[in-house]
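1. when you get a sec, could you give me coordinates for this:
(chains A and B)
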Amino acid sequence: MATQEISTENNETVADNVDKPTESSAVTVIEKQVQRRIFKIIVIGDSNVGKTCLTFRFCSGKFPEKTEATIGVDFREKTLTVDSELIKLQLWDTAGQERFRKSMVQHYYRNVHAVVFVYDVTKMSTFDSLPQWIDECDRHNLNIHIPRILVGNKCDMLDKIVISTNLAQKFADAHNMPLFETSAKDDGRANHVDAIFMTLAHKLKNSKPMMPVHMAQDQGRLPGNVQVVSLDWNRDRYRSADRGQSHQKEGCAC
Amino acid sequence: MSSGESPVDKQDNVRPNNLNLSTPKSPTVASRRQKVAKIRLALINKPVDISALKQLAISKDGLVSDELRKRAWPKLLDVDVDNIPPKPEPEILQGHRDYNQVVLDVNRSLKRFPPGMEENLRMSLQDQLVDVIMRVLVHRPELHYYQGYHDICVTFLLVVGEDMAFALVDKLSQNHLRDFMDDNMDRTKHMLNYLYPIIGKSSPDLREFMEIAEAGNIFCLSWLITWYGHVLNDIRQIIRFYDFFIACHQLMPIYLAAAIVLYRKKAVLATECEMCFVHSLLSKIPDDLPFEKLVSQAGDLFIQFPPKTLADEAMMIFEKSKAAAKMQRRAIAKRVTKGRFSTILPNGGSVIVSVTVWTLVAAVTAGVYAVWKSNDWGWFS
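-> I've put the predicted structure just below:
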């Protein structure tokens, strides 16, 4: 991934933040001192796979009580600290219905730094659609080397899972993507969703193959519910053991 | 609905913030009563005074109560409520290509039912909502369901009940909503192309700022295709907008969008000139906007800059985006790939047709324009 693609904000943020009365002075001070890089991530996949819930869980730390069908594109963001650097992730949560993706969403593919493909582990059709989503993404992105990750959602519905990890892993390997299986709903695994995006943030920040991730949760400004963990995307569902070495081999395309 | 009261009315009665409406001698109540009398008079007339009804639906507070809407909406849409086609068998409704998507979306529409509604009632209404939608789709095989259509149907269901909701939405789907229901969204997209020209006529600097930010117009897509049902929290406000839109040209939701953006100009200009910030700011509509004022401003914009006068400019935007997309496709085609993507190009030809359709609609609904022109409600200036 070419680093020059990453937008970098310098002191410009100072003036901008002065105009925002809602932001606390503490935040302003931080932004005055620290360069803040912004990464744009688009989240795509079939209708009802949980794109909104995943991005909401990550950005707000909870599962939304009443979700609705997304119409067009919704925007969420979260600032993270990765290796002492403040990083802002912008998540573009898109509508799943085919007609929207055919003509409405293209604008939002532009200049994205990463793509998150989502399917529902309890619904085969959502997995079968993935090649179409990948095609769609290829059609709209000049840069095919941006990081892509595959997320199987709704893993809390254990007795309804129809897409085996094995099958999903093969697909992910064939497309050079790491696979994550998770549940946006399961409170006990909330950190898992955070960790997926944190891993992506690391990848974006370092702009080279996935590194062995070292624990960084003691950073003073790190949001309380976020920890940096390394995920095993090979086999074990929900497992957060650090197997950094294997990631380097399996890491995604960039 | 068994009684004359809609679920929304019932809910409204217990809302503390609406208590001021029942203050006996407030001017609001007096003018409301006066308006109710005018609406009743227009409805009693034989034939019904459609032109007067349109004016009343557009002007402050719209058609005032759901009881009056039940009588006035069918008249405004020329729907014969005594001859509503019967509901087809469940197997037919469930066999439609869009059935599964409709069920997914209706199941997720909890937010659209008044808070505090009993679960049993809500679930029964959700079943009815699926039926309303499927009845239209089965009745009109040429129409395609879109996410957001359910937001329109639920509003009608809550106000007029299942059968009449079907009849009204069935009619609207052939007129106001027709462009959203092609098998693709090209025409919808082109309707959105009218936003910037309207904004630009009133405030060139705001348009320029939004263009430099590349804010796009998808932030108001849901406003347009759900008639604001998806984005506003207060069902009473949504219903009032429906009075307005039923009585007006099908592009009126875009004029209202322009009025809202123009009203928030200061906030927009104060934000960072970048897509995400502008999109994020504008995609949510604050609860405390002066909606009646904005309705009147939308009407004002419509009169000053009718769709016909903006058609060329909107077409230019369309051509520009088509050219940009073409360039991007060429650039991508040059890329060495494994041949994984196809290059089926969207057919832009239909948009030209749609402009003709709108011109036609403008002519057919010339009455609306006349209503605006001859309007003497005073809230125009």
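2. so who does B:Tyr228 touch?
-> Contacts were defined as C-beta atoms under 8 Å, 6 or more residues apart in numbering or on different chains; by that measure B:Tyr228 touches B:Gln237, B:Ile238, B:Phe241, B:Pro253, B:Leu256, B:Ile285. Backbone N, C-alpha and C define where each C-beta goes, glycine included.
3. repeat the analysis, applying 7 Å as the threshold.
-> B:Ile238, B:Phe241 (C-beta atoms under 7 Å, 6 or more residues apart in numbering or on different chains).
4. what does chain B have sitting close to chain A?
-> Chain B comes close to chain A at residues B:101, B:104-105, B:108-111, B:146-148, B:184-186, B:189, B:216, B:218, B:221-222, B:225-226, B:230, B:270, B:272, B:276, B:279-280, B:283, B:331-332, B:335, B:337, B:340-342, B:346, as judged by C-beta under 7 Å from any C-beta of the partner chain.
5. any of those residues buried? List them.
-> B:101, B:104-105, B:108-110, B:146-148, B:184-186, B:189, B:216, B:218, B:221-222, B:225-226, B:230, B:272, B:276, B:279-280, B:283, B:332, B:341, B:346 (16 or more other C-beta atoms under 10 Å in any protein chain shown).
6. check which residues of stretch A:103-118 are buried.
-> A:104-110, A:112-118.
7. and stretch B:289-299, by the same measure?
-> Result for stretch B:289-299 [16+ other C-beta under 10 Å]: buried residues B:Phe291, B:Glu292, B:Leu294, B:Val295, B:Ser296, B:Gln297, B:Ala298, B:Gly299.
8. ok, and the closest non-adjacent residue to the third one?
-> If the residues on either side of it in the chain are set aside, B:Leu294 comes closest to B:Ala259, at 4.7 Å by C-beta to C-beta, 6 or more residues apart in numbering or on different chains.
9. just say helix, strand or coil for residue 74.
-> All of this is about chain A. strand (DSSP: H, G, I helix; E, B strand; the rest coil).
10. and it, how close does it get to B:Cys153?
-> 22 Å (C-beta to C-beta, to the nearest Å).
11. A:Val116 now?
-> 32 Å.
12. now do B:Gly116
-> For B:Gly116, the distance to B:Cys153 - C-beta to C-beta - is 22 Å.
13. and those two? Which one has more around it.
-> More neighbours surround B:Cys153 than the other of B:Gly116 and B:Cys153, with 31 against 9 (other C-beta atoms under 10 Å in any protein chain shown).
14. how near is that one to chain A?
-> From B:Cys153 across to chain A, the span is 13 Å (C-beta to the nearest C-beta, to the nearest Å).
15. would you agree that residue is in contact with B:Leu129?
-> Yes - if you go by C-beta atoms under 7 Å, B:Cys153 and B:Leu129 touch, sitting 6.0 Å apart.
16. so what sits against both of the two?
-> Between them, B:Cys153 and B:Leu129 share no contacting residue, judged by C-beta under 7 Å, 6+ apart.
17. near chain B, which residues of the stretch 51-200 of chain A? Just list them.
-> Checking the stretch 51-200 of chain A against chain B by C-beta under 7 Å from any C-beta, the hits are A:66-69, A:71-73, A:75, A:90, A:95, A:97, A:99-100, A:102-104, A:107, A:135, A:138-139, A:142, A:144.
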